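A.B. asks: based on what follows, work out the 3D shape:
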Amino acid sequence: MRRVCKHGGKILLLEHGRSYHGYSWLNSYLDKRAKQHAVDWGCWWNKDVHALVKEAGIEIDSQRIHHFGTCYELVCSPSKSVS
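C.D. replies: Numbers count the residues shown, from 1 in each chain. Next up is the predicted model:
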């Protein structure tokens, strides 16, 4: 995404993943059922969203987090430190 984002553009992400708030009971539930959820629905619901964003070479400009910390609305931009 970073590569195809226009100069000055934004990347909007709506993601779900591990609880940002660190609810261990909820993250345990997501982990235990992640494989079957991926088979049924085609997505892995227990990923670390912030780590994936960082790995992709984009930076979070703003965020809103919902549903016990498992749903993320992110406004991002290409990282200035990655060429």
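A.B. asks: how far away is the residue most central in space within the chain from R64?
C.D. replies: Nearest to the mean C-alpha position of the chain, counting by C-alpha atoms, centre = their mean, stands V49 at 2.7 Å. Here V49 is placed at a distance of 13 Å from R64 (C-beta to C-beta, to the nearest Å). All C-beta spots, glycine's among them, are computed from the backbone N, C-alpha and C.
A.B. asks: just E55 next, same as before
C.D. replies: 21 Å.
A.B. asks: how about the helices in this structure?
C.D. replies: 24-41, 49-55 (DSSP state H).
A.B. asks: make CSV out of those helices and add mean pLDDT and distance to G69.
C.D. replies: CSV is the format used below for the helices of the chain (pLDDT from 0 to 100; distance: least, C-beta to C-beta, whole Å):
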stretch, mean pLDDT, distance to G69
helix 24-41, 96, 8
helix 49-55, 94, 10
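A.B. asks: wait, which of the ones you listed is closest to L14?
C.D. replies: helix 49-55 (10.4 Å; C-beta to C-beta).
A.B. asks: tell me how many other residues surround L14.
C.D. replies: 8 (other C-beta atoms under 10 Å).
A.B. asks: look up the closest residue to it, ignoring the ones flanking it.
C.D. replies: The shortest distance from L14 to any non-neighbouring residue, by C-beta to C-beta, 6 or more residues apart in numbering, is to E73 (5.8 Å).
A.B. asks: OK, contacts around that neighbour?
C.D. replies: Contacts for E73 (C-beta atoms under 8 Å, 6 or more residues apart in numbering) come out as 13-14, 63-66.
A.B. asks: can you tell me how far it is from A38?
C.D. replies: 22 Å.
A.B. asks: how about V75?
C.D. replies: For V75 relative to A38 (C-beta to C-beta), the value is 27 Å.
A.B. asks: so what sits against both of V49 and R64?
C.D. replies: Common neighbours of V49 and R64, counting by C-beta under 8 Å, 6+ apart, are Y72.
A.B. asks: what number of residues lie near W25?
C.D. replies: Neighbour count for W25, taken as other C-beta under 10 Å: 8.
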